[in-house]
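1. what's the 3D shape of this:
(chains A and B)
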Number of protein chains: 2
Amino acid sequence: MRQFIVVGHKAATSGDFTLDDMPGSAGRIDILARCVTAAFVTSFDIRRDTQVRLVLLGEPDPPKIIRFEGSELKYLNPDERSAGALIRKALQVKLGTEQRRSTKGVYVERAGLAEALRHSDESALFYLHEHGKDVRDVDLHANNAAFILGDHLGLFEEEEEQLSQAQRIRVGPIKLHTDQCITLVHNELDRLCST
Amino acid sequence: MRQFIVVGHKAATSGDFTLDDMPGSAGRIDILARCVTAAFVTSFDIRRDTQVRLVLLGEPDPPKIIRFEGSELKYLNPDERSAGALIRKALQVKLGTEQRRSTKGVYVERAGLAEALRHSDESALFYLHEHGKDVRDVDLHANNAAFILGDHLGLFEEEEEQLSQAQRIRVGPIKLHTDQCITLVHNELDRLCST
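-> Below you'll find the predicted structure:
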């Protein structure tokens, strides 16, 4: 299983935003939407061995985790709007104490980064960071790895403190967008799995 | 200079489509929009050493080439809609025999794949293809390379015939989307340029 955990510090936590303005009034939900696409979409297929947890920390109702399960996922097309629509649908679900399914393969619950990390206890943990070790020089434990990524704000100090078990890695010499990092991590894992 | 040439076989050639339906009525303009983003956008920066030519072959007024010059490019944000808006703006320009500038760093002209390739005469040519040689085993001529990519339909036989000078390369074991291939090619070039 490949797991990706992405923190959206400003990401809206109610589903009343417009898909026409994901970067603005939705608090950079566009970043999270592109991460979902990068994590799951290949040419005419979906990565079934992948799980994504989006940690949404923006107003008005934080925190929330939206979990995407590749093994069950439906209705995801490659365009950004499609992933944005699945996120919005999940945020429209009324939450109690239990997680709830919004669409096939998409679950939402009241939780934050600590809870997201708890689900990765059995995995090798990697924190994508510009000053990390080159991903090509690291044993990625290809069959059971979890990757934690920040948004345009990175991760805050108190969040980094929760990642003491995680190894810092970088995907290359240039600082890239979160979704681009996911594409590059997948490529490394694809290469490991095909040899 | 890094050049990317992307062929959009169904891509609309008039600027009257809605940004809300790039995958549908605009003839998969969403693919081209994501390619522009992948080619230029890094974390809080634009790749100035990059040039993109989109070859648009859909109705109602084909062929057209939209050229993006990283060295001059403005108004490109990371969301898909932003790149789509620049493409649409270029398609709204009334064309004569000369190329015209639609926004800063974006030019449009009446031309097809043959003309796009003519501008890459001095470059090492690479055709992204699932049965190509692994990009990591190829001399990429990092300072002056042109990469040709198809859309969801790949390239047609008569287009491939124009690529006899191009070496076929692949980015990994799994067939990916065009924009993901661009991200992976950039990463290889970034690594070459940083050593």
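2. which parts of chain A are helices?
-> Secondary structure of chain A by DSSP state H: the helices cover A:29-40, A:80-91, A:113-118, A:157-160, A:178-194.
3. so is the longest one next to chain B?
-> Spelled out, it's helix A:178-194. Yes: applying C-beta under 8 Å from any C-beta of the partner chain, one finds helix A:178-194 in contact with chain B at A:Gln180, A:Thr183, A:Leu184, A:Asn187, A:Asp190, A:Arg191, A:Cys193, A:Ser194. From N, CA and C alone the C-beta is placed, and that goes for glycine too.
4. and which of the residues you listed is nearest B:Val108?
-> Comparing the residues of helix A:178-194 next to chain B against B:Val108 with C-beta to C-beta places A:Gln180 closest, at 27.0 Å.
5. quick one: stretch A:69-79 to chain centroid distance?
-> Chain-centre distance of stretch A:69-79: 14 Å, with C-alpha atoms, centre = their mean, to the nearest Å.
6. what about A:Ser102, neighbour count?
-> Close neighbours of A:Ser102, defined as other C-beta atoms under 10 Å in any protein chain shown, add up to 18.
7. hmm, I was thinking of A:Glu72
-> 14.
8. any idea how far A:Gln51 is from it?
-> 10 Å (C-beta to C-beta, to the nearest Å).
9. just to revisit the earlier point, just the buried ones out of the residues of helix A:178-194 next to chain B, please.
-> A:Gln180, A:Thr183, A:Leu184, A:Asn187, A:Asp190, A:Arg191 (16 or more other C-beta atoms under 10 Å in any protein chain shown).
10. hmm, which two among these are most spread apart?
-> Farthest pair in those, by C-beta to C-beta: A:Gln180 and A:Arg191, 17.0 Å.
11. which other helices and strands does the longest strand anywhere in chain A contact?
-> Criterion DSSP state E: the longest strand present in chain A is strand A:124-134. Applying 3 or more C-beta pairs under 8 Å, 6 or more residues apart in numbering or on different chains; DSSP states H and E, one finds that strand A:124-134 contacts strand A:145-149, strand A:167-170, helix A:178-194.
12. let me know whether the first one sits next to chain B.
-> No: using C-beta under 8 Å from any C-beta, we find that strand A:145-149 stays clear of chain B, coming within 11.8 Å at best.
13. give the pairing partners of that strand; include direction for each.
-> Paired with strand A:145-149 in the same sheet, following DSSP bridges, are strand A:2-8 (parallel), strand A:124-134 (parallel).
14. so which of those strands is the most surrounded?
-> strand A:2-8 (a mean of 25; mean count of other C-beta atoms under 10 Å in any protein chain shown).
15. so that strand versus helix A:178-194, what angle?
-> 170 degrees (axes from the mean of the first three to the mean of the last three C-alpha atoms, to 10 degrees).
16. quick one: pLDDT of A:His177?
-> Note for A:His177: predicted pLDDT of 98.
17. spit out the contact partners of it.
-> A:Ile31, A:Arg34, B:Val41, B:Thr42, B:Ser43, B:Pro78 (C-beta atoms under 8 Å, 6 or more residues apart in numbering or on different chains).
18. and chain A, which of its residues are near chain B?
-> Residues of chain A lying near chain B (C-beta under 8 Å from any C-beta): A:19-20, A:22-23, A:30-31, A:34, A:38, A:41-44, A:77-82, A:152, A:171-177, A:180, A:183-184, A:187, A:190-191, A:193-194.
19. how far off centre is stretch A:97-104?
-> Using C-alpha atoms, centre = their mean, the offset of stretch A:97-104 from its chain centre is 17 Å.
20. list the contacts for A:Glu158?
-> Contact criterion C-beta under 8 Å, 6+ apart gives no residues in contact with A:Glu158.
21. kindly apply the preceding question to A:Glu159 instead.
-> By C-beta under 8 Å, 6+ apart, the neighbours of A:Glu159 are A:Val7, A:Leu113, A:Gly150.
22. switch the cut-off to 10 Å
-> Each residue near A:Glu159 by C-beta atoms under 10 Å, 6 or more residues apart in numbering or on different chains is listed here: A:Val7, A:His9, A:Val55, A:Leu57, A:Gly112, A:Leu113, A:Ala114, A:Leu117, A:Tyr127, A:Ile148, A:Gly150.
23. redo the residues you listed as a markdown table? Include pLDDT.
-> As requested, those are arranged in a markdown table below (pLDDT from 0 to 100):
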| residue | pLDDT |
| --- | --- |
| A:Val7 | 98 |
| A:His9 | 98 |
| A:Val55 | 98 |
| A:Leu57 | 98 |
| A:Gly112 | 97 |
| A:Leu113 | 97 |
| A:Ala114 | 96 |
| A:Leu117 | 96 |
| A:Tyr127 | 98 |
| A:Ile148 | 98 |
| A:Gly150 | 97 |
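24. among the residues you listed, which two are most distant?
-> Using C-beta to C-beta, those span at most 17.3 Å, a distance reached by A:Leu57 and A:Tyr127.
25. next, count neighbours for A:Glu188.
-> For A:Glu188, using other C-beta under 10 Å, the count is 17.
26. wait, I meant A:Lys74
-> Residues lying near A:Lys74 (other C-beta under 10 Å) number 10.
27. give me the nearest residue to it, chain neighbours excluded.
-> A:Lys104 (3.8 Å; C-beta to C-beta, 6 or more residues apart in numbering or on different chains).
28. ok, what's across the strand from A:Glu125?
-> Check again: residue A:125 is Leu, not Glu. Beta-bridge partners for A:Leu125, by DSSP bridges, are A:Ala146.
29. would you mind confirming that it makes contact with A:Ala116?
-> No: using C-beta atoms under 10 Å, A:Leu125 is not in contact with A:Ala116, being 11.3 Å away.
30. what do these two both touch?
-> Joint contacts of A:Leu125 and A:Ala116 (C-beta under 10 Å, 6+ apart) are A:Gln3, A:Ile5, A:Ala146, A:Ile148.
31. now do the contacts for the third one.
-> With contacts defined as C-beta under 10 Å, 6+ apart, the neighbours of A:Ala146 are A:1-5, A:51, A:53, A:116-117, A:119-127, A:166.
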